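In: sequence first, predicted coordinates after that:
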Amino acid sequence: MTLHPLDWGVILAYLGFALSVGFWVRERAEGGKESYFLAGRSLPWWWAGTSIAATTFAADTPLAVTGIVADRGLSGNWLWLSMMAVHAAVVVYFAEKWRRSEMLTDAELVSIRYTGRSAEYLRVFRAVLFAVVYNAIILGWVLRAMGKIIDPVFRWDVWFPTVTGHLDRLWPGGTTLGAASEVLTIILLVGIVTLYSSLGGIRGVVFTDLIQFALAMVGSIWLAIAAWEAVGGRAELASSLTNLYGDHQYTDLFPSFTRGWAAALRLGAFTFGAYLVVQSFGTIPSDGGGYLMQRLASCRTHRDARKAAGLFTGLHYLVRVWPWFIVAVAALVLIPIGQEQTALGGAGAPVAGDREMAYPVLLFELLPVGVVGILVASLLAAFMSTVDTHFNWGASYIVNDLYLRVKPDATSNQQIKVARTCVVLFAIASILVALQIDTIEQAWKWVAFIGASLGVPTAARWLWWRVNAISELTAGGVGLGTALLVTLGTSWLYEFQLVVTAAASVGGMLIGIMFGTPTREEQLQSFRDHVQPSGAWPGTNTKQAFRQFGGIVLRVAGLVITIILVLLGGTWLLFHP
């Protein structure tokens, strides 16, 4: 898999652009933490919405989708499609509340929602958990995916064999990133991201995200069209799948509980439904916190925040999924399972041990000179848009929720210096974590257990006054402890382990509510005045609270059902002649 000089020209031009952005917006990023992390709350809504979409379109996603479809068909993608419930809730409810809160991080919300020493402990707990643990896992899996893509392209072992030979002898065996040559490329790319994201702050991140998303969409659509033509269109694709795999379920959006992978795992409809509910808030904070909140808080008004969330949700579920699905299903025909060694004249051999590799293999086999460079650049863009966001977002926790609590009189220059140092440290940590990740799907599951341990209390604190800081701490402790027990001590299905973790977390929350100190009423009133939440609060009529909550649930359900119907219609039009 070698690149033509024209392809290299496209790739280098993109990398040069990304690097120049950081220097271009550097001065505007040095106005303090509000400017560095939230762009002075001045982002247009379509900038913010597109930036969120770019962040979630990492280089790992099309590879992971390709691997999931080969293992479980389209229905296996509910591992991440289930997040639409949380994203719908953000559009309907949380986006506006986050902008009204005027918080810099979601951990800071703890200080206006709760009182007492337990609130301080909770804020630090959430800041460390998301900035360090959660962030490092996500960055690690993104680097893991990028390693698969660029290893055949950046051939340091060919260009500088003496240098890489020495490094290979020093490089520890058994790491998932492969040889030292692959790691050199990762270090180069991470170095570029570190430089422009640390210099330009969130403005540099968002501006590059706009270009990165456009480039990523062009590349993925181009490959999808090439794969569609290679399999002969809809009718030929369907007949080829039947000839190869018989009575298959590869193109069904929902699994069958009488045959296929769900039946093989003895996964019933109830268990699958419970899993979807938990998985919906497993991979992301259930109230749309984290980097999503950061973009929403950067918008000009609370109405702009809601529009940004709506734009992201539409792009995420109704626009960019189709190129991924087409390539993943076409790969089943072009590189049949069990026939990888001979597929595509032997070019499919790397896929034999890892079906996720089908995506980069098809990239090099199906696209012409120049277009290969565009698609490789688009995957680099997808990779960089995710990494730069997590660098900036993770640093916001360290500065706002940890450093300023120790040194509240820190100057703007000191805050920015700490933020830039954190970006470098996150870059190093992400490379170390990537060395331990075997598959992208495996890392997704690790993150889901963190989300399942915190999901219910995180959402409930916006709707019910009885949730207190102790209940969030007990929910997190019990949930994370249960996750360790079920993953290390049982052979249960992942889906069942996730449901058990979430149930234990709810139990921990209720214990904390019963025995913890309630939040002072004046604090609750201050929170209500500031954020204007719905639900059950002191002085609120019970019937009114249920009516407000029911209205939110109905609107969220309506948006989710609409998305599902569009996905069902699209999959039938594409794959069922």
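Out: That came in fine, so what should we check first?
In: low-confidence stretches in the stretch 201-350 of the chain?
Out: Across the stretch 201-350 of the chain, the ranges flagged by pLDDT under 70 are 265, 283.
In: again, 90 this time
Out: When residues are selected by pLDDT under 90, those of the stretch 201-350 of the chain lie in 201-220, 246-249, 254-292, 294, 338-350.
In: strands along that one, start to end?
Out: Counting by DSSP state E, counting those that start in this stretch, one finds no strands in the stretch 201-350 of the chain.
In: please enumerate the helices of it.
Out: Remark: helices assigned in the stretch 201-350 of the chain by DSSP state H, counting those that start in this stretch are 233-245, 260-264, 269-280, 291-297, 302-318, 321-334.
In: what residues sit buried inside stretch 471-490?
Out: 471-480, 482-483, 486-487 (16 or more other CB atoms under 10 Å). In this view, the C-beta of every residue, glycine as well, is placed from N, C-alpha and C.
In: and if you look at stretch 316-334?
Out: Buried residues in stretch 316-334 (16+ other CB under 10 Å): 316-317, 320-334.
In: in stretch 96-105, what counts as buried?
Out: Buried residues in stretch 96-105 (16+ other CB under 10 Å): 96, 97, 98, 99, 100, 101, 103, 104, 105.
In: any chance of JSON lines for those residues, columns pLDDT, secondary structure and distance to residue 163?
Out: Putting the buried residues of stretch 96-105 into JSON lines (pLDDT from 0 to 100; DSSP: H, G, I helix; E, B strand; the rest coil; distance: CB to CB, whole Å) gives the following:
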{"residue": "96", "pLDDT": "93", "secondary structure": "helix", "distance to residue 163": "54"}
{"residue": "97", "pLDDT": "93", "secondary structure": "helix", "distance to residue 163": "53"}
{"residue": "98", "pLDDT": "92", "secondary structure": "helix", "distance to residue 163": "48"}
{"residue": "99", "pLDDT": "91", "secondary structure": "helix", "distance to residue 163": "50"}
{"residue": "100", "pLDDT": "91", "secondary structure": "helix", "distance to residue 163": "55"}
{"residue": "101", "pLDDT": "88", "secondary structure": "helix", "distance to residue 163": "51"}
{"residue": "103", "pLDDT": "88", "secondary structure": "coil", "distance to residue 163": "47"}
{"residue": "104", "pLDDT": "87", "secondary structure": "coil", "distance to residue 163": "43"}
{"residue": "105", "pLDDT": "89", "secondary structure": "coil", "distance to residue 163": "42"}
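In: that older thread, which ones among the buried residues of stretch 471-490 map onto strands?
Out: For the buried residues of stretch 471-490, not one is inside strands, with DSSP state E as the criterion.
In: number of nearby residues for residue 569?
Out: 11 (other CB atoms under 10 Å).
In: measure it to residue 253 for me?
Out: 10 Å (CB to CB, to the nearest Å).
In: just give the nearest non-adjacent residue to the residue nearest to the spatial centre of the chain, would you?
Out: Nearest to the geometric centre of the chain sits residue 56, at 4.8 Å (CA atoms, centre = their mean). Distances taken as CB to CB, 6 or more residues apart in numbering put residue 316 closest to residue 56, at 6.0 Å, once the chain neighbours are dropped.
In: touching, the one you found and residue 87? I think so.
Out: Yes. Using CB atoms under 8 Å, residue 316 is in contact with residue 87, at 6.9 Å.
In: give the contact list for residue 372.
Out: 3, 4, 7, 363, 364 (CB atoms under 8 Å, 6 or more residues apart in numbering).
In: could you flag which of those are buried?
Out: Buried among the contacts of residue 372 (16+ other CB under 10 Å): 3, 7, 363, 364.
In: helices - which of the residues you listed land there?
Out: 7, 363, 364 (DSSP state H).
In: looking at those residues, which is nearest residue 82?
Out: Nearest to residue 82 among those, counting by CB to CB, is residue 363 at 28.0 Å.
In: quick one, what contacts that closest one?
Out: Applying CB under 8 Å, 6+ apart to residue 363 gives the contacts 223, 372, 375, 376.
In: ditto for residue 546
Out: Residue 546 neighbours (CB under 8 Å, 6+ apart): none.
In: ok but it is inside a helix, no?
Out: Yes. Counting by DSSP: H, G, I helix; E, B strand; the rest coil, residue 546 falls inside a helix.
In: how close does it get to residue 536?
Out: Taking CB to CB, one finds residue 546 at 8 Å from residue 536.
In: again with residue 129
Out: 27 Å.
In: could you identify the most distant pair in the contacts of residue 372?
Out: 4 and 363 (13.6 Å).
In: got phi/psi on the nearest residue to residue 470 once chain neighbours are set aside?
Out: Of all residues not flanking residue 470 in the chain, residue 516 sits nearest, at 2.9 Å (CB to CB, 6+ apart). Main-chain dihedrals, residue 516, degrees, to the nearest 10: phi -80, psi 160.
In: likewise residue 342?
Out: Taking degrees, to the nearest 10 as the convention, residue 342 sits at phi -110, psi -10.
In: returning to that earlier point: the residue nearest to residue 470: neighbour count?
Out: Residues near residue 516, counting by other CB under 10 Å: 21.
In: how many residues are close by residue 346?
Out: 9.
In: let me fix that, I meant to ask about residue 207.
Out: Neighbour tally, residue 207, other CB under 10 Å: 20.
In: what's the spacing between it and residue 296?
Out: Counting by CB to CB - residue 207 and residue 296 are separated by 18 Å.
In: my read: residue 456 touches residue 503, true?
Out: No. Judged on CB under 8 Å, residue 456 makes no contact with residue 503 at a distance of 9.4 Å.
In: more neighbours: those two, which one.
Out: Applying other CB under 10 Å to residue 456 and residue 503 shows that residue 456 carries more neighbours, namely 24 against 17.
In: that's a helix at that one, yeah?
Out: Yes. Counting by three-state DSSP, residue 456 is found in a helix.
In: which residues does it contact?
Out: Applying CB under 8 Å, 6+ apart, the residues near residue 456 are 281, 286, 475, 502, 505, 506, 509.
In: please name the residues that touch the third one.
Out: Applying CB under 8 Å, 6+ apart, we find residue 475 in contact with 453, 454, 456, 457, 505, 506, 508, 509, 512.
In: residue contacts, the fifth one?
Out: Taking CB under 8 Å, 6+ apart, we find residue 505 in contact with 452, 453, 454, 455, 456, 457, 475, 476, 478, 479, 482.
In: rerun at 7 Å
Out: By CB atoms under 7 Å, 6 or more residues apart in numbering, the residues touching residue 505 are 452, 453, 454, 456, 475, 478, 479.
In: cool, the first one as well?
Out: Remark: with contacts taken as CB under 7 Å, 6+ apart, residue 453 is in contact with 476, 479, 480, 483, 501, 505.
In: let's see it at 10 Å
Out: By CB atoms under 10 Å, 6 or more residues apart in numbering, the contact list for residue 453 reads 129, 282, 475-483, 501-502, 504-505, 508.
In: what pLDDT does the model give it?
Out: pLDDT recorded at residue 453 is 90.
In: tell me the secondary structure at it.
Out: From three-state DSSP, the assignment for residue 453 is helix.
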